[in-house]
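Undergrad: Output the structure for:
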Amino acid sequence: MNPRSALSVCGHRSPVGPRPDRRVRSFGVVAAAVVAVVAPVAGCGSERAPGAGAQPVKLDELPQATTFTTLRGLPQDPEMALAGDGDGTVVHPTEPVPVSARPGAPAVAVLPDEQLDGPTWVPVVESANGWHRVMLPSRPNRTTGWIRDSPDALTTARSPYVVKVETGARRLTVVKSGRTLRTWKVAVGAPKTPTPLGNTFMLALLKPSRPTVSPLIMPVGSHSETLDTFGGGPGTVAFHGWSDASVFGKAVTHGCVRVPAPALAHLSRIPLGTPVIVTA
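TA: Numbering: from 1, shown residues only. Now for the predicted structure:
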């Protein structure tokens, strides 16, 4: 795996620059700084108990919940659970936390505190008995898992935004507190490499260090469902700009969503963890 091309499913590679200023805004938006793509966090080495009376979990023996991994044995996101029913709660693990298939069950993965060298923020699908079910950035798409609601290990915030993509209409809409802010025509996946439908979320904000077709790239927590890999990476879907405006309103990409410059600037200010809902 070449981490410097790991986010390319859109027909170009995405080289990025040095490590960022690690400061993060209160809602989890990466500050306007350069973010580097790195391999998933590994070797956590710490131990945490998943529940009372359970055996300690060795986090370094569990698979990482990152865009580079495939996770098994975890529940899928319920149909359109974030399409208006959620309250915008997003959480950031301040240390790696165990992920279970249900509250109190043995951990089957670990959610690291960083994704792509920035902070991990994930949306909460539901909460029950001191646990949160959150969306995860791993394959298969719409994978979720349960993490303990621990104030020592989680920071909680709320994003008032929802990003909507309608692939049939080739339309991107940004909604804040239930009110539509802006709408743009965009380019979506071609028929043989469609943009994956369903719920996902804003995963990271990357700024290439060398000129590309886009000054910013915003990966989401989903992957191409027709390409296992692309450009040496895991086929992560992303929002990004495009130099040729004639593509907007067309289905021509490898799965990413190409957006005009004003939309790119707007998306760059939206908190990480914000739900993204892709419909036909």
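
Undergrad: and residue 201, what does it touch?
TA: Shown in contact with residue 201 (CB atoms under 8 Å, 6 or more residues apart in numbering): 121-123, 135, 137, 220-221, 272-276. For the C-beta atoms, the positions are set from N, CA and C on the backbone; glycine is no exception.

Undergrad: In strands, which of these fall?
TA: Taking DSSP state E, the ones among the contacts of residue 201 that sit in strands are 122-123, 135, 220-221, 275-276.

Undergrad: between these, which is nearest residue 176?
TA: residue 275 (12.3 Å; CB to CB).

Undergrad: neighbours of that closest one, just the number please.
TA: When neighbours are counted by other CB atoms under 10 Å, residue 275 registers 27.

Undergrad: Do I have it right that it meets residue 125?
TA: No. Counting by CB atoms under 8 Å, residue 275 does not reach residue 125; the two are 9.5 Å apart.

Undergrad: Give me the below-cutoff pLDDT ranges for the stretch 51-200 of the chain.
TA: Applying pLDDT under 70 to the stretch 51-200 of the chain flags residues 51-57, 78-86.

Undergrad: The stretch 101-250 of the chain: strands as residue ranges?
TA: 107-111, 114-115, 118-119, 122-128, 131-135, 144-148, 154-158, 161-166, 171-176, 179-185, 188-189, 198-201, 217-223, 236-240 (DSSP state E, counting those that start in this stretch).

Undergrad: tell me the contacts of residue 165?
TA: 171-173, 186, 188, 195, 257, 276-279.

Undergrad: of those, buried ones?
TA: Buried members of the contacts of residue 165, scored by 16 or more other CB atoms under 10 Å, are 171-173, 186, 188, 195, 257, 276-278.

Undergrad: Please render the contacts of residue 201 as JSON lines that adds distance to residue 74 to the earlier fields.
TA: Below are those laid out as JSON lines (distance: CB to CB, whole Å):
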{"residue": "121", "distance to residue 74": "19"}
{"residue": "122", "distance to residue 74": "13"}
{"residue": "123", "distance to residue 74": "15"}
{"residue": "135", "distance to residue 74": "11"}
{"residue": "137", "distance to residue 74": "12"}
{"residue": "220", "distance to residue 74": "18"}
{"residue": "221", "distance to residue 74": "13"}
{"residue": "272", "distance to residue 74": "21"}
{"residue": "273", "distance to residue 74": "18"}
{"residue": "274", "distance to residue 74": "22"}
{"residue": "275", "distance to residue 74": "18"}
{"residue": "276", "distance to residue 74": "20"}
